[in-house]
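Asker: what would the 3D arrangement of this be:
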Amino acid sequence: MRILLVEDDPLIVEGLSELLEAEGYEVVSAADQDGAIASALNPADGTAPDLVLLDLTLARGNGFAVCSAVKAARPNLPVIFLTASDDEVNTVTGLSLGADDYVAKPFRPRELVARVAAVLRRSRAAASPRITWGPLAIDPERAVVAKDGAEVALSALEYRLLLLFATNPGRLITRERMRDVLWDAAGAYVEENTLSVYVKRLRAKVERDPAHPELIVTVRGLGYRAGE
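Answerer: Residues are numbered from 1 along each chain as shown. Now for the predicted structure:
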């Protein structure tokens with residue numbers, strides 16, 4: 001997933017890029033209003049971003065104008081405002097322009113990563129009315145999962161974890177990223193042992209042979225790889 005980071009402070013760009021790239025995202029950046037709009041709508045390499053992380057205050061232009069232009073051309077492109085301004089007027093203005101979330105500086109890095117992941121999940125679910133993954137058929141609009149035609153009963157946390165794997169086939173999913181998904185859903189930090197329990201329960205429900213998983217494959221020392 002590609003994130004467009006719109007920020008004119010090079011130190012912040014460097015820090016956020018390292019944080020997001022460590023989570024497996026590709027990060028491109030723009031420092032001003034015109035560059036941000038061009039990168040979002042007409043990227044030089046032809047690859048459009050999947051999310052815009054947007055500072056409100058720019059040396060040239062402002063985040064509101066960027067959000068307005070982006071949403072007018074690509075209404076389904078997620079935008080998260082990242083700014084030191086957390087007053088009600090700015091918050092309401094940003095959301096009224098179509099922003100999907102609003103994170104005030106200073107912020108906790110893990111919280112920002114979780115918010116980015118949550119917005120991307122909602123965006124993917126809205127864009128994909130049905131997901132086919134191995135023996136599974138997933139209907140995000142109704143939160144219904146079927147395996148080989150038979151409906152599978154999942155808890156809310158198991159369903160969120162399943163969506164993370166199903167929407168990232170072939171990719172490495174770190175335990176930290178999985179923890180962020182469950183933390184975002186449960187509102188509490190998920191311990192290492194608890195995460196392993198969730199994976200075991202999910203495998204028992206969705207794998208054809210849980211003893212030899214093909215959908216959620218362990219990558220020792222790193223996390224799991226989603227089957228293709």
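
Asker: only C-alpha atoms for contact and neighbour calcs from this point on.
Answerer: OK.

Asker: so where do the helices sit in this structure?
Answerer: Assigned helices in the chain, in chain order: 10-22, 33-41, 63-73, 88-96, 109-127, 156-166, 175-186, 192-206 (criterion: DSSP state H).

Asker: of those, which is nearest residue 146?
Answerer: Proximity to residue 146 (CA to CA) singles out helix 192-206 among the helices of the chain, at 8.7 Å.

Asker: quick one: the closest one to helix 156-166, angle?
Answerer: In terms of direction (axes from the mean of the first three to the mean of the last three CA atoms, to 10 degrees), helix 192-206 departs from helix 156-166 by 80 degrees.

Asker: which strands or helices does helix 192-206 pack on?
Answerer: Counting by 3 or more CA pairs under 8 Å, 6 or more residues apart in numbering; DSSP states H and E, the packing neighbours recorded for helix 192-206 are helix 156-166, helix 175-186.

Asker: so where's this protein shaky on pLDDT?
Answerer: Low-confidence regions of the chain, defined here as pLDDT under 70, cover residues 85-91, 94, 125-129, 141, 184-190.

Asker: repeat that for 50
Answerer: The chain contains residues with pLDDT under 50 at 185-186.

Asker: quick one, what contacts the residue nearest the centre of it?
Answerer: By CA atoms, centre = their mean, the mean C-alpha position of the chain lies nearest to residue 117, the distance being 2.4 Å. Going by CA atoms under 8 Å, 6 or more residues apart in numbering, residue 117 touches 180, 181.

Asker: distance of it relative to residue 80?
Answerer: Separation of residue 117 from residue 80 (CA to CA, to the nearest Å) stands at 11 Å.

Asker: among the helices and strands packed on helix 192-206, which comes closest to residue 11?
Answerer: Closest approach to residue 11 among those is made by helix 175-186 (24.3 Å; CA to CA).

Asker: next, the angle from the closest one to helix 192-206.
Answerer: Counting by the same axes, to 10 degrees, helix 175-186 lies at 80 degrees to helix 192-206.

Asker: ok so, going back, now the helices and strands packed on helix 192-206 in JSON lines, with distance to residue 3 and mean neighbour count?
Answerer: Shown next, in JSON lines, are the helices and strands packed on helix 192-206 (distance: least, CA to CA, whole Å; neighbours: other CA atoms under 10 Å):
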{"stretch": "helix 156-166", "distance to residue 3": "17", "mean neighbour count": "19"}
{"stretch": "helix 175-186", "distance to residue 3": "16", "mean neighbour count": "19"}
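
Asker: can you list those in CSV and add distance to residue 214?
Answerer: Below are the helices and strands packed on helix 192-206 laid out as CSV (distance: least, CA to CA, whole Å):
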stretch, distance to residue 214
helix 156-166, 12
helix 175-186, 18
